[in-house]
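Colleague: Quick one: sequence plus predicted model below, questions after.
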Amino acid sequence: MIEAAARTTPDAATRGRLWRKIARRPVGIFAFAVLAAILLAVTFGPSLVPHSPTRTNARAILQPPSAEHWLGTDELGRDVFARVLSGGRVSMAVGLFSMLVGLSLGLAIGGTAGYFGGRVEGVLMRLVDAFMAIPTFFLILVIVTSFGNHPVTIIITVGLGFWAQMARVGHAEFKRFRNHEFVEASRALGGTHARVMTRHILPQVLPQATVLATLGVGWAILTEAALSYLGLGIQPPLASWGNMLQNAQGYLWRAPVLAVWPGLFIAVTVLSFNLLGNALRDVLDPRA
Amino acid sequence: MIEYVARRLAQGVFVLFLVSLLTFFLINLAPGGPSSLIDFQSTAAEREARMRQYGLDRPVQERYLTWLAGAVRGDLGRSINQGLPVSRLLAQRLPITLTLGGTALVLAALFGIVLGVTAALQRDRWPDHLIGSVATLGMSTPSFWLGILAIIVFAVNFGWLPAAGNASIGRAFDLGDRLRHLVLPAGVLAFSLMPNVIRTTRAAVLETRAADYVRTARAKGLVERVVLVKHTMRNALVPVVAMLGLIATVLFSGSVVIESVFGWAGVGRLAIEAANGRDYPVILGVTLLAGTIVVTVNLLVDLLYAVIDPRIRHD
């Protein structure tokens, strides 16, 4: 009984209210639609475009947009449209997975610190402070230098740049809920700490985590792009929006338009994540 | 007060110690760590000699202690690729980064606060929406892309401003020339920092404007300008200063990217060169420098609170 009451299952009425709230945020819905379109395009697009993103063509370098090459070709004669799509696949994947890494690590460590308090809290939160004192980008530099730039490493690294912030939120939220009656009730019924944390407190924290996660994906995409732009992230010939920009900078005087497309895609994608995040905050987080 | 400062300093030193420990062991225990600088084309004797030169023949905890003992005295070791002491490299590059970062911070604070206050005073009217959109846009646009676009527009198309470097090569010091080189990088960096300042200022002003003492000030007939400057702004400044402190951290990360876009030979560029060249002592030194600055700025910000808001006491 108490178990069931403790769990937050929104009934039909609250769900209806939620939908009405969402419907009043056209910007959020629009952003969501844009993201869905981009996600579809980068998932299925590369196999629909007749050009390979990596095949070079010495007879068609730096061409302007045409019916054949929608966004023209780059310095090696590769189709820019195909590259933007397959680069987007990489950027999106890195963004989403690094957010998951940062979110789960942050919630786990911050949540543990907040839930148990005392010495555990002291040690873990000092660790978080130390992480926060290293400017994120330097931390990422150190890790990438030491562990190389395999895409999986990049995902974990970018996620690590984000976990300390999540840990602070997780810490505050778990601390807020740990003395609530539903926690006590579950403990009294024999629930383990792990069960209380994952089954009872975590659902309470989810709305706020969703908002932060949405904004976090945008941040992760920006960070990956910056890393790849600096030559430390995704390596050519694999395209990513960041390393396309790095290439383009060498041809600013001959083909400035090369630098426009990848950046535009980054900006639109990140903007959509930010707008969606803000809309979600308005809907899900009553305290903000 | 003095006791507070001492305690905070001790905490700061401890955090820096953790930072150095973390960085040192991350670098040294990684599969691509310093030992990989020994290539296999050299003879065994050469390799051994090089290992000894960089002290890599000793266990990692011993190397850390040696490094730490040096670092405490300001000796951060030598760069593997450039052969120079790391501390001298940092001293050479730091002024360039500080010029860029400092200018950007001032610009971001100035425009950010003005726009944030305007947005708050014009709440829910078109200036507020416009400023809010600019802030969201600024947060979402990659700064290096903005930098590249700025180069295309102002350097390539119009030829008004130089595309790279912090001074014309081979020319004696010339303030006008320096400033012309500073405009684009500092402007772009400031634009990418501004959104945070705008948001914080807007929220802080809106919150203080709803306070009772502001209503009292109006009720006793004070001019709106006085209410705004003396009652609202002074109190709204606390969170804004906190924000600026946080920005100092972001500033470093932003500077790494912007220095690369515009070819500035600052600390950020040094870090990238070191990362690409696996120059471990330099990476370690740069990270420690960045950490030191962040810790110092945070302490200064906390002390500044007490100046702005006399109710905040550090006992």
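Modeller: Alright, I've got the coordinates.
Colleague: going forward, measure contacts between C-alpha atoms and count neighbours the same way
Modeller: OK.
Colleague: Where does residue 206 fall, secondary structure wise?
Modeller: Using chain A here. Element membership of residue A:206, judged by DSSP states H and E, is helix A:202-229.
Colleague: that's the wrong chain, I wanted chain B
Modeller: Counting by DSSP H and E, the element that carries residue B:206 is helix B:175-209.
Colleague: Give the buried residues for that helix.
Modeller: Within helix B:175-209, the residues that qualify as buried are B:177, B:181-206, B:208-209, counting by 16 or more other CA atoms under 10 Å in any protein chain shown.
Colleague: next SSE after the helix holding residue A:206?
Modeller: helix A:241-249.
Colleague: Tell me which residue lies farthest from the centre of chain A.
Modeller: Counting by CA atoms, centre = their mean, the extreme residue of chain A relative to its mean C-alpha position is residue A:59, 38.8 Å from that point.
Colleague: which residues in the chain form helices?
Modeller: Here I'm looking at chain A. For chain A, the helices identified by DSSP state H occupy A:2-6, A:12-23, A:26-48, A:80-116, A:118-133, A:136-147, A:151-177, A:181-188, A:193-195, A:202-229, A:241-249, A:260-284, in order along the chain.
Colleague: looking at chain B here, not the other one
Modeller: Across chain B, reading from the start of the chain, the helices by DSSP H fall at B:2-29, B:44-53, B:60-72, B:86-121, B:126-140, B:143-150, B:175-209, B:212-219, B:224-226, B:234-261, B:267-276, B:280-308.
Colleague: Might you report the residue contacts of residue 201?
Modeller: No chain specified, so I'll use chain A. A:174, A:177-178, A:183 (CA atoms under 8 Å, 6 or more residues apart in numbering or on different chains).
Colleague: that's the other chain; I wanted chain B
Modeller: Under the criterion of CA under 8 Å, 6+ apart, the contact partners of residue B:201 comprise B:112-113, B:116-117, B:236-237, B:239-240.
Colleague: Redo the residues you listed as JSON lines? Include pLDDT.
Modeller: Supplementary listing: the contacts of residue B:201 in JSON lines, determined by pLDDT from 0 to 100:
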{"residue": "B:112", "pLDDT": "90"}
{"residue": "B:113", "pLDDT": "90"}
{"residue": "B:116", "pLDDT": "89"}
{"residue": "B:117", "pLDDT": "88"}
{"residue": "B:236", "pLDDT": "80"}
{"residue": "B:237", "pLDDT": "80"}
{"residue": "B:239", "pLDDT": "80"}
{"residue": "B:240", "pLDDT": "82"}
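Colleague: Can you sort out which of these also neighbour chain A?
Modeller: With respect to chain A, and counting by CA under 8 Å from any CA of the partner chain, no part of those is in contact.
Colleague: I'd like those residues laid out as a markdown table, including distance to residue B:152.
Modeller: Formatted as a markdown table, the entries for the contacts of residue B:201 read as follows, by distance: CA to CA, whole Å:
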| residue | distance to residue B:152 |
| --- | --- |
| B:112 | 26 |
| B:113 | 29 |
| B:116 | 30 |
| B:117 | 33 |
| B:236 | 39 |
| B:237 | 38 |
| B:239 | 37 |
| B:240 | 34 |
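Colleague: and which of these is nearest to chain A?
Modeller: Proximity of the contacts of residue B:201 to chain A (CA to the nearest CA) peaks at residue B:239, which lies at 16.4 Å.
Colleague: Might one say that that closest one is in contact with residue B:203?
Modeller: No. Contact status for residue B:239 versus residue B:203: not in contact, 9.2 Å apart, counting by CA atoms under 8 Å.
Colleague: Check residue A:71 and give its pLDDT.
Modeller: The predicted local distance difference test score for residue A:71 is 70.
Colleague: Quick one: neighbours of it, just the number.
Modeller: Here the neighbour count serves as a burial measure; for residue A:71 (other CA atoms under 10 Å in any protein chain shown) it reads 20.
Colleague: Just give the nearest non-adjacent residue to it, would you?
Modeller: residue A:65 (4.5 Å; CA to CA, 6 or more residues apart in numbering or on different chains).
Colleague: could you list every residue that touches the nearest residue to residue A:82 once chain neighbours are set aside?
Modeller: Taking CA to CA, 6+ apart, and ignoring the residues beside it in sequence, residue A:82 has residue A:53 as its nearest neighbour in space, at 4.9 Å. Shown in contact with residue A:53 (CA under 8 Å, 6+ apart): A:46, A:78-80, A:82-83, A:86, A:239.
Colleague: OK, contacts around the residue lying closest to residue B:264 once chain neighbours are set aside?
Modeller: The spatially closest residue to residue B:264, leaving aside those adjacent along the chain, is residue B:165, at 5.1 Å (CA to CA, 6+ apart). The contact partners of residue B:165, by CA under 8 Å, 6+ apart, come to B:181, B:262-265.
Colleague: Point out where the chain drops to low pLDDT.
Modeller: Picking chain A for this. For chain A, the stretches flagged by pLDDT under 70 are A:1-13, A:15, A:58, A:60-62, A:67, A:69-70, A:77, A:133-134, A:285-288.
Colleague: wrong one, chain B
Modeller: Applying pLDDT under 70 to the predicted model, the residue ranges of chain B that meet it are B:30-43, B:47, B:50-51, B:53-57, B:168, B:170, B:313-315.
Colleague: Let me see the domain layout of it.
Modeller: Chain B breaks down into these domains under automatic domain parsing: B:2-72, B:94-308.
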